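**Student:** test case, fold it:
(one chain, ligands or ions: 2)
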Amino acid sequence: MSKSLLVTGGAGFIASNFIHYMMKRYPEYQIINIDQLTYAGKGANVQQAAALENYHFIKGDIADEALIQHIFSEYDIDGVIHFAAESHVDRSIEDVKAFIESNVLGTSVLLQTARDSWDKKGELATGRFHQISTDEVYGALGLESDEKFNEETPYDPRNPYSASKAGADMLVKSFGRTYGMNVVTSSSSNNYGPRQHQEKLIPTVISNALQGNPIPLYGDGKNVRDWLYVEDHCRAIDLIFHQGQTLEKYNIGGGNEKSNIELAMMICDILDHLKPGQHSHKELITFIGDRKGHDRRYAVDDSKIRDTLGWKPLTSFKTGLNQTVEWYVDQWEKVTS
Ligand code: NAD
Ligand code: TDX
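**Tutor:** Residues are numbered from 1 along each chain as shown. Ligands and ions are numbered 1, 2, ... in the order given. Got it, this is the predicted structure:
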């Protein structure tokens with residue numbers, strides 16, 4: 001289908017992994033990566049792609065209309081995979097403004113530009129717009145229940161970040177319905193793997209443990225997240241982008257529900273093996289004040305993508321977590337040696 005793809009936020013965690021995955025899998029595709037290089041984006045994350053002729057990096061804001069229009073005409077874009085976002089819940093609780101600007105306004109600029117560009121070329125119904133969303137838009141589940149979010153679960157975002165993502169998802173769907181655009185949305189659970197920003201839970205646990213600093217766990221540490229290895233997420237996005245039905249939504253889960261304390265303990269076990277010392281890294285685990293409005297549990301029912309597109313995660317949590325911890329230890333050793 002599409003051959004000239006605009007990937008937004010490609011210097012961030014998931015999209016940089018996605019660009020590496022796509023450049024290997026579809027060497028004939030042209031990939032244009034727009035990223036504002038906020039505090040969360042790093043040029044080094046896509047360094048390997050930089051030398052390739054069919055890869056183009058543009059530093060800029062997705063909310064900059066003139067720039068987005070220029071990119072669509074210059075590169076004849078026929079597909080958008082939209083990752084760029086302010087992504088950290090704690091930051092959204094401190095100040096929501098950037099979340100509205102990037103996640104809501106930025107998405108609207110991409111949608112309008114895609115609509116106008118594809119309408120002019122008679123490609124309104126074929127140009128594909130894939131919105132990358134999150135399980136957080138569905139709200140939160142109880143610890144005692146075994147309920148999961150499915151694609152029909154009503155949106156009930158409970159923090160400013162998830163509210164901004166929910167707003168963006170609604171805009172995407174409205175453009176599909178109003179203009180007949182070929183939109184699709186996927187909502188995944190918590191990703192883990194190489195190149196995740198330091199502020200998120202797994203890199204926070206690893207880096208604090210390596211430095212012998214307290215490992216901060218919010219509240220009682222019993223909040224539950226479902227963990228998806230980033231490469232499994234990339235394969236799911238590839239399938240949904242190419243084969244997902246217009247206007248449909250697909251949930252993507254890892255099938256690895258863990259409480260934060262359980263996860264921190266597993267990471268400490270791996271570190272105790274890789275970096276043995278007199279004491280276990282577990283002794284560094286420290287409970288601190290809770291996140292405001294901290295969602296208790298997320299879990300997704302991903303039977304739709306499994307049944308209709310034949311996807312399933314291929315990385316066991318044990319393997320993925322070991323690989324991830326080893327990657328961060330390696331990075332840490334490069335910096336400190
Ligand atoms: P990230 O914070 O690591 O990366 C976001 C990237 O977007 C950064 O490189 C940043 O510079 C860029 N960006 C931000 N605002 C921009 C703007 N206005 N214009 C251009 N670039 C901008 O995020 P991530 O964790 O890789 O998440 C990527 C996407 O996946 C987000 O949409 C997020 O909501 C979604 N998601 C993430 C997870 C997860 O566990 N990390 C889970 C589900 C969904
Ligand atoms: O220092 C910490 N201590 C702690 O206990 C941090 C940073 C987090 N936590 C807890 C909060 C959550 O229960 O760990 C859990 C995971 O926290 P984050 O890594 O901040 O992720 P989360 O809030 O679950 O959101 C993530 O998954 C959904 C991504 O950041 C979002 O972008 C995505 O949409």
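**Student:** and the residue of the protein nearest ligand 1?
**Tutor:** In the chain, the residue that lies nearest ligand 1 is Gly12 (2.0 Å; C-beta to the nearest ligand atom). All C-beta atoms are positioned from the backbone trio N, CA, C, and that covers glycine.
**Student:** what is the burial count for that residue?
**Tutor:** By other C-beta atoms under 10 Å, the residues close to Gly12 number 26.
**Student:** hang on, it packs against Val46?
**Tutor:** No. Taking contacts as C-beta atoms under 8 Å, Gly12 lies outside contact range of Val46: 9.7 Å.
**Student:** residue ranges with poor pLDDT in the stretch 151-300 of the chain?
**Tutor:** Residue ranges of the stretch 151-300 of the chain with pLDDT under 70: none are present.
**Student:** residues of the stretch 101-250 of the chain that sit close to ligand 1?
**Tutor:** Ser102, Gly106, Ile132, Thr134, Lys165, Ser188, Asn190, Asn191, His197 (C-beta under 6 Å from any ligand atom).
**Student:** most neighbours among those, please name it.
**Tutor:** Going by other C-beta under 10 Å, Lys165 tops those with 28 neighbours.
**Student:** distance of the residue of the chain closest to ligand 1 relative to Ala40?
**Tutor:** Going from Gly12 to Ala40 by C-beta to C-beta, to the nearest Å gives 5 Å.
**Student:** what touches both of those two?
**Tutor:** Ser87, His197 (C-beta atoms under 8 Å, 6 or more residues apart in numbering).
**Student:** work out for me the element the residue in the chain sticking out farthest from the centre sits within.
**Tutor:** Most distant residue from the mean C-alpha position of the chain: Gln278, 37.1 Å away (C-alpha atoms, centre = their mean). Here Gln278, judged by DSSP states H and E, is contained in no helix and no strand.
**Student:** same question for Phe287.
**Tutor:** Applying DSSP H and E, one finds Phe287 within strand 285-288.
**Student:** contacting residues around the very next helix or strand once past that strand?
**Tutor:** As assigned by DSSP H and E, the chain's next helix or strand after strand 285-288 is helix 303-309. With contacts defined as C-beta under 8 Å, 6+ apart, helix 303-309 is touched by 150-151, 186, 236, 239-240, 243-244, 250-252, 311-312.
**Student:** just the buried members of those?
**Tutor:** Buried members of the contacts of helix 303-309, scored by 16 or more other C-beta atoms under 10 Å, are Glu151, Ser186, Ala236, Leu239, Ile240, Gly244, Tyr250, Asn251, Ile252, Trp311.
**Student:** just want the phi and psi numbers for the residue lying closest to Lys258 once chain neighbours are set aside.
**Tutor:** Counting by C-beta to C-beta, 6 or more residues apart in numbering, Trp227 is the residue found nearest to Lys258 once chain neighbours are left out, at 6.2 Å. When read as degrees, to the nearest 10, the backbone of Trp227 gives phi -100, psi 130.
**Student:** burial check on Trp227, number of neighbours?
**Tutor:** For Trp227, the count of nearby residues is 23 (other C-beta under 10 Å).
**Student:** hang on, isn't it packed against Leu263?
**Tutor:** Yes. In this structure Trp227 lies within contact range of Leu263 using C-beta under 8 Å: 7.4 Å.
**Student:** contacts for whichever helix or strand Ser92 is part of, please.
**Tutor:** According to DSSP H and E, Ser92 maps onto helix 89-94. Here helix 89-94 makes contact (C-beta under 8 Å, 6+ apart) with 86, 98-99, 136, 159-162, 164, 199, 291-293.
**Student:** do you know the pLDDT at Lys3?
**Tutor:** The model reports Lys3 with a pLDDT of 88.
**Student:** that one: what's it in contact with?
**Tutor:** Contacts here follow C-beta under 8 Å, 6+ apart; on that basis Lys3 touches Glu28, Tyr29, Gln30, Asp78.
**Student:** ok, those residues vs ligand 2, which is closest?
**Tutor:** Nearest to ligand 2 among the contacts of Lys3, counting by C-beta to the nearest ligand atom, is Tyr29 at 26.0 Å.
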